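Student: Next one to model:
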Amino acid sequence: MSLTANNKLDTNKYELTIHIDAESFEKALEKAYRKDIKKINVPGFRRGKAPRKMVEKLYGEGVFFEDAINDLYPSALADAIEEAKLEIVARPEVEMKEADKEKGVTFTAVCIVKPEVSVKDYKGIAVEKKVKEVTDEDVEKRLKAMQDRNARQIEVEDRPSQNGDTLVFDFEGSVDGVPFDGGKAEKYSLELGSGQFIPGFEPQLENRNIGDAFDVNVTFPEDYHAEELKGKAAVFKCKVHEIKAKEVPALDDEFAKDVSEFDTLDELRADIRKKMEEQNEKEANTEVENKLIDKVIENMEAEIPNEMYEAAIDDMVRDFDYRLQSQGMNLDTYLKYTGMELASFRQTFEEQAKKRVQIRLALEKIVSLENIEATEEDVEAEYKKLADMYQMEVDQVKQFVPASELSKDIAVNKAVDLVKENAVIQ
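Tutor: Numbers count the residues shown, from 1 in each chain. Here you go, the predicted model:
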């Protein structure tokens, strides 16, 4: 392989011209022939026994060119990029220019590279830190949530249903007298006031008695996920089977003993306040860090290629798909359910992707300016942290996460620490 030309086409865009010599091309052609000959029929020869020249004469001289080039060009391209000292950020656009047994192979690769970045005034940034006060009302709301989580349901037979009750009922929906998919269920449990059903449905289930049969009239929202139901008036025939009320425990010392390691309600309240204050402090620190990073981005100058943003969106979409798969769904099903096109779905990640790329570039520049490095101890500690997080052996994690990439991430995190340590926090 030889890099015969390296031309700058535009900001962050280079075109490499790469040549593969005839000898290397011949070896690749022979390899392709030996790989494919068993699948080729040549009259007068047993399958897999026809000479290469006979096959080329019958099917054309270039019959093995594509396989040979596909075998050669990835490593040739990688070597050329390394020789040109380019840090590419997207898959190069490759175009074959010539393939000849005597002359070898010539192709071009248009490469998008990481932009030049400058960052100034990243030390001494002034930001205000605001820690939210924990009020008595906040503590009581947290206690009330604990109380609700420990509530039990009791069957009600002596009064009609009311907001907050759980109703067990049958329903069957129809539009213009025609039932629709997903509009029917038997003995469905619904907490009234939870907002699980479309607007206007749940209030019509209040003030009902066990055994009542009645119609619920509603109109589907214009933005409803099912296209055929958007804006349509529907009738649901319903029948009540059970009414269950929520019975919450009393807020006293016995409650504290049941739900915590404390003996009194006052001790539990104090612990709740302490944890909420710690959480508020943590959130305030995160907000400070975000403000500092935003300021660093403001002080950065770079012509960032759009391909970097698209690559970041690709990663986010891929991560979203993985999370869906862990829940037994996939992206195609999700898009169908929500009525979204892939293009519009990708747009939802644009701002986040843009900021992610900008943050990374700015912090990597600070790493370079400050000569920040990850030590072997840093890398091993991070491997241990990842292993604990994913409940894997450290050696297993090392197989999936290259030390070079981990070192970059550690250095970037150190750059964040440097910005924070040199900030003026008011």
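
Student: Which residue lies nearest the spatial centre of this protein?
Tutor: residue 319 (3.1 Å; C-alpha atoms, centre = their mean).

Student: If we go by neighbour counts, what in stretch 228-238 is buried?
Tutor: 229, 234, 236, 238 (16 or more other C-beta atoms under 10 Å). Where C-beta positions appear, they are placed from N, C-alpha and C, glycine not excepted.

Student: Who is residue 172 paired with across the strands?
Tutor: residue 184, residue 237 (DSSP bridges).

Student: Kindly apply the preceding question to residue 110 instead.
Tutor: Assigned bridge partners for residue 110, using DSSP bridges, are residue 15, residue 93.

Student: what's the helix or strand residue 153 falls within packed up against?
Tutor: For residue 153, the host element (DSSP states H and E) is strand 152-155. In terms of contacts (3 or more C-beta pairs under 8 Å, 6 or more residues apart in numbering; DSSP states H and E), strand 152-155 is packed against strand 233-247.

Student: what comes up buried for the next helix or strand along the chain from the strand it packs on?
Tutor: Downstream of strand 233-247, the next assigned helix or strand under DSSP H and E is helix 253-259. Within helix 253-259, the residues that qualify as buried are 255-256, counting by 16+ other C-beta under 10 Å.

Student: what does helix 253-259 rub up against?
Tutor: Applying C-beta atoms under 8 Å, 6 or more residues apart in numbering, the contact partners of helix 253-259 are 146-147, 150, 249, 262-265, 267-268.

Student: let's go with 7 Å and repeat that
Tutor: 146, 150, 249, 262-265, 267-268 (C-beta atoms under 7 Å, 6 or more residues apart in numbering).

Student: Inside helices: which ones of those?
Tutor: 146, 265, 267-268 (DSSP state H).

Student: Give me the buried subset of these.
Tutor: 146, 265, 268.

Student: so the second one touches residue 271, yeah?
Tutor: Yep, that's residue 265 we're talking about. No. At 10.7 Å, residue 265 does not count as touching residue 271 under the criterion of C-beta atoms under 7 Å.

Student: Run through the neighbouring helices and strands of the strand or helix carrying residue 284.
Tutor: Per DSSP H and E, residue 284 falls inside helix 265-298. Under the contact criterion of 3 or more C-beta pairs under 7 Å, 6 or more residues apart in numbering; DSSP states H and E, helix 265-298 touches strand 126-127, helix 136-149, helix 253-259, helix 350-369, helix 403-421.

Student: And the next helix or strand past that helix?
Tutor: By DSSP H and E, the next helix or strand past helix 265-298 is strand 300-301.

Student: where does the chain dip in pLDDT?
Tutor: The chain contains no residues with pLDDT under 70.

Student: before we move on, back to that, could I get the buried ones among the ones in helices among the contacts of helix 253-259 as JSON lines with distance to residue 417?
Tutor: Shown next, in JSON lines, are those (distance: C-beta to C-beta, whole Å):
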{"residue": "146", "distance to residue 417": "36"}
{"residue": "265", "distance to residue 417": "41"}
{"residue": "268", "distance to residue 417": "36"}
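
Student: Now do the buried residues in stretch 375-383.
Tutor: Quick answer for stretch 375-383 (16+ other C-beta under 10 Å): 378-379, 382-383.

Student: Pull up the gap between residue 341 and residue 309, please.
Tutor: 19 Å (C-beta to C-beta, to the nearest Å).

Student: again, but for residue 43
Tutor: Between residue 43 and residue 309 the distance is 56 Å, computed by C-beta to C-beta.

Student: quick one: which of those two has more around it?
Tutor: residue 309 (19 against 7; other C-beta atoms under 10 Å).

Student: still on that earlier bit, who touches both of residue 265 and residue 271?
Tutor: By C-beta under 7 Å, 6+ apart, residue 265 and residue 271 have no common neighbours.

Student: circling back to that earlier point, a markdown table for the buried residues of stretch 375-383, including secondary structure and distance to residue 222?
Tutor: Shown next, in a markdown table, are the buried residues of stretch 375-383 (DSSP: H, G, I helix; E, B strand; the rest coil; distance: C-beta to C-beta, whole Å):
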| residue | secondary structure | distance to residue 222 |
| --- | --- | --- |
| 378 | helix | 54 |
| 379 | helix | 54 |
| 382 | helix | 49 |
| 383 | helix | 52 |
